[in-house]
Each structure stands twice: as structure tokens, then as C-alpha cells.
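**Student:** Show me the folded form of this:
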Amino acid sequence: MSLQQTRETLLAYAQANLTHAEAAEFFSDMIVSTIMNTGEQACGRIAVAEQIAILQARASDLKPKSAIIGEGHAAVEIDFVTADTAIIPYSIIYDFEAGKITAIRFYFAGNVPT
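**Tutor:** Below is the predicted model:
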């Protein structure tokens, strides 16, 4: 995917997440999501959407800090704020193909929020 297509897809996906819209439409049928700290993996649109919903439910706030976007790839740095206001920095790496997200990798600095 071109840089522009990757950027547009990532921004549309982020907007869907912010508005709690259906984000699974941005996923390829064979998407794989991995929490790298634990090796926990989800495969397919529904399973990945559920994995992300579970992670987001553990946060009282998610604060995006920066993003790097290239052709078919993107990295986003976010602060995960827990219910007790602890901040856990993490990064998400995205792979894109044909207008869809094909892989998501979560890297938490420290323990994965529970």
C-alpha cells in the first residue's frame, strides 16, 4: 500500500475506535493480533476485535502520543491509563495490505494491564 493509503486507513481506523464504531471492517479476513509480552494471539476479524475490546475495557483512558507511518506499515505510541491512574506506555505496530489491516502487534512497557 502507498504511504497515503496506509495513512488514510490508519486514521479512519483510529476515528472508528474513538467513536466506538465498528472497527473490524478495517481488518483483513486473516488478520492476526499478538500481545508480544505474553504471546497471546487472536486470529480473524471477530477474535481480534474482541481482543482489542478487552484491552480497551481495562483502560480508563488511552492517550496517543506519536505515530510513524510508512508504506504498508505504521507504529503508534500510546499511554495506557489504568483505573488507578497508573500510566503504562505501549506501542502498536500495524501491517496493511489492500486497504486492510493484516497484523497488529502490541508491545507494553511492563506488565500487560489486567
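**Student:** top helix in this structure by residue count?
**Tutor:** Longest helix of the chain, by residue count under DSSP state H: helix 3-18.
**Student:** If you count neighbours, what's buried in that one?
**Tutor:** Counting neighbours by 16 or more other CB atoms under 10 Å, one finds that the buried residues in helix 3-18 are 6-7, 9-10, 13-14. Backbone N, C-alpha and C define where each C-beta goes, glycine included.
**Student:** Just the buried positions in whichever helix or strand Glu77 is part of, please.
**Tutor:** Following DSSP states H and E, one finds Glu77 within strand 73-81. Within strand 73-81, the residues that count as buried by 16+ other CB under 10 Å are 73-74, 76-78, 80-81.
**Student:** And for stretch 48-55?
**Tutor:** In stretch 48-55, counting by 16+ other CB under 10 Å, buried: 48-49, 51-52, 55.
**Student:** Closest to Ile69 out of these?
**Tutor:** Nearest to Ile69, judged by CB to CB, of these is Ile52 at 19.4 Å.
**Student:** Mind listing what's buried along stretch 100-110?
**Tutor:** 100-106, 108.
**Student:** Other residues contacting that stretch?
**Tutor:** 9, 13, 26-28, 30-37, 48, 52, 55, 80, 88-96, 112 (CB atoms under 8 Å, 6 or more residues apart in numbering).
**Student:** picking up where we left off before, pull out the buried residues from the helix or strand just after the longest helix of the chain.
**Tutor:** Next along the chain after helix 3-18, taking DSSP H and E as the criterion, comes strand 27-35. With burial defined by 16+ other CB under 10 Å, the residues of strand 27-35 counted as buried are 27-28, 31-35.
**Student:** mind giving me CSV with those residues and columns for pLDDT and distance to Ser66?
**Tutor:** Output for those, formatted as CSV (pLDDT from 0 to 100; distance: CB to CB, whole Å):
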residue, pLDDT, distance to Ser66
Phe27, 97, 23
Ser28, 97, 25
Ile31, 98, 24
Val32, 98, 24
Ser33, 97, 21
Thr34, 97, 21
Ile35, 94, 21
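**Student:** Quick check: the farthest pair among these?
**Tutor:** Greatest spacing in the buried residues of strand 27-35, by CB to CB: Ser28 and Ile35 (19.0 Å).
**Student:** Good, wrapping up.
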